[in-house]
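[1] What shape does this take:
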Amino acid sequence: MKKYISFIIAFALLICTVAVSVSSAEGNEYWPTNENVRIIGRYSVSGDAVNVGYGLTELNFNVKAESVTCSISTEQEAPAAPYFAVYVNGKLTKKFKVNKGEAEYTLASGLSSNKTTNIRLVKTNERWMIAKIGKITVAGGEIAAPSKAKGKLIEVIGDSISAAYGILATDTETEDDVTTDATYGYAKILADKMGADVNLVAQSGKGIYCNQKGEVGQTIPALYDKNLDGTSYTYAAEPDVIIVNLGTNDVYGMGVNKEITKDNITAAAKEFIAKLREVHQSSYIVWTYGLMNSDMTSVIEEAVSSFSEDGRISFIPLPAQSEFSDGEGKSSHPDITANKATADYLFEKLINNGIIGSGMPGYLETSADAAWDYDSSKMLGDANNDYDIDICDLVRMNEHSENSDIKIDDGNADYNGDGEIDSDDIALLRKQLLG
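    The predicted structure follows:
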């Protein structure tokens, strides 16, 4: 009987969820322009909409309204899909998948039109899972003036490590698009510690001279001056600090393609540094490398040292990730603990090397001295820890109530925060799902 009731609840909730995903709330409609929205990271314009791909690309805007929805589309074929995280007044409230086609997605509801609410829509996974963001519909109110940019900007250029590939994985079976989440990666943590916005230019498998399969030219430098559609990128902002974290995949590529030499990679590294200096004449350029392998350390040191007269180009080698964490993400990638430690390590080195400090505009002076706690922003209701709140969580909590051996995320399942997982928490989750 219990299974039958669970099925009825699941079916009813499924119908409710589908209805919400395809219907548009009535209200004032806005296109994501610079007048209405502050866009952080790389994007390209498609008519009145914007295309986003790289992780951490963010639409940041304010509303005085009761609810907010957004039209988002993708041509990405299943099972891979773009994922977005939503923050309301700085708190992670949901993470959702964008299915192929176009649909209306609820970003926030239950708001007050008498108060200004900040909404952040953040792309979490890989560059190649592109989504188009269209109209923002605000019900019961209007969009308010967007927040001002932070005092400074860092740009992080890298491969899967910087893209936070597999950072949320606890096994090897979960899909990459779910477990790759740059909002938990070292690039975002470092930017937060510096009080900076971040522009992430990272894609898995790419290197300096080749990719991990040994294919020459399949590199981040080849993508750097291109938009998602292949057109030329316009450098609109001058980063205060550019972090380059490349070299890991060149090691793997050399193992596959025996014709590739370290001299090839050194020359490519020099060329890329020269390119960065050409387009960013006042930025500090910091190349960092390590964590998953260290075979390219001498190559990068040689490339960086050839620019010694510049005075604003340096190299910070990283320890092996095993020095930062006992665990791993997917495919031996750094987990959350290692990413946090990497951010802490780089932050300290940047201060000690005089690259950031009180003389840098916008620098949060207290960050260097005060304890900095990483807020993982748990998702209340996400009992199965798949970074989504749905009927599966309700089923898992019901199962756990009958058999405590069934695993759940205690922090997420303790909906009312009383330290116990019980029928009260199940009732609260059911109420949220039913709206």
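[2] For the rest of this, base every contact and every neighbour count on C-alpha atoms.
    Fine.
[3] which residues of the stretch 1-150 of the chain score low on pLDDT?
    1-25 (pLDDT under 70).
[4] My error: substitute the stretch 301-435 of the chain in the last question.
    358-380, 385-388, 416-417, 435.
[5] which stretches of it form strands?
    313-320 (DSSP state E, counting those that start in this stretch).
[6] Would you check how far apart the residue most central in space within the chain and V279 are?
    The centroid of the chain falls nearest to A182 when counting by CA atoms, centre = their mean (2.6 Å). Using CA to CA, to the nearest Å, A182 is found at 25 Å from V279.
[7] Next one: the nearest residue to I72 once chain neighbours are set aside from E58, what distance?
    Leaving out its chain neighbours, the residue that sits closest to I72 by CA to CA, 6 or more residues apart in numbering is I133, at 4.6 Å. Using CA to CA, I133 is found at 11 Å from E58.
[8] between those two, which one's more packed in?
    For the pair I133 and E58, the greater number of neighbours falls to E58 (26 against 22), based on other CA atoms under 10 Å.
[9] Pretty sure the more buried one sits against Y43.
    No. E58 is not in contact with Y43 according to CA atoms under 8 Å; the separation is 9.3 Å.
[10] if we can go back for a sec, can you report phi and psi for the residue nearest to the centre of the chain?
    phi -70, psi -10 (degrees, to the nearest 10).
[11] Going by neighbour count, which residues of stretch 310-318 are buried?
    R312, I313, S314, F315, I316, P317, L318 (16 or more other CA atoms under 10 Å).
[12] Now do the residue nearest to V299 when sequence neighbours are not counted against D197, distance only.
    With sequence-adjacent residues excluded and distances taken as CA to CA, 6+ apart, V299 is closest to T266, at 5.4 Å. Per CA to CA, T266 is found 30 Å from D197.
[13] what does T297 give?
    29 Å.
[14] Comparing these two, which shows the higher neighbour count?
    Higher neighbour count among T297 and D197: D197, with 22 against 18, using other CA under 10 Å.
[15] Next, count neighbours for the closest residue in space to F324 that isn't next to it in sequence.
    Take F324 and drop its neighbours on the chain: the residue closest to it by CA to CA, 6+ apart is A338, 4.9 Å away. For A338, the neighbour count with other CA under 10 Å is 25.
[16] Help me confirm that A338 comes into contact with S325.
    Yes. If you go by CA under 8 Å, A338 and S325 touch, sitting 5.2 Å apart.
[17] give the contact list for T137.
    S24, A25, E26, G27, N28, E29, Y30, V68, T69, C70 (CA atoms under 8 Å, 6 or more residues apart in numbering).
[18] Doesn't the third one belong to a helix?
    No. When DSSP: H, G, I helix; E, B strand; the rest coil is applied, E26 is found to be coil, with no helix at that position.
[19] Could you check how far it is from S67?
    In terms of CA to CA, E26 sits 10 Å off from S67.
[20] who's more crowded, these two?
    Neighbour count, other CA under 10 Å: between E26 and S67, S67 has more, with 23 against 12.
[21] distance of that one from T261?
    In terms of CA to CA, S67 sits 57 Å off from T261.
[22] How about L228?
    Distance from L228 to T261, by CA to CA: 30 Å.
[23] Neighbour count: those two, which is higher?
    Neighbour totals were compared for L228 and T261, and L228 leads with 18 against 12 (other CA under 10 Å).
[24] picking that back up, go through the buried residues of stretch 310-318 and name the one nearest T93.
    Comparing the buried residues of stretch 310-318 against T93 with CA to CA places L318 closest, at 33.4 Å.
[25] For the nearest residue to T74 once chain neighbours are set aside, what are phi and psi?
    Among residues not flanking T74 along the chain, A131 sits closest, at 4.7 Å (CA to CA, 6+ apart). When read as degrees, to the nearest 10, the backbone of A131 gives phi -130, psi 150.
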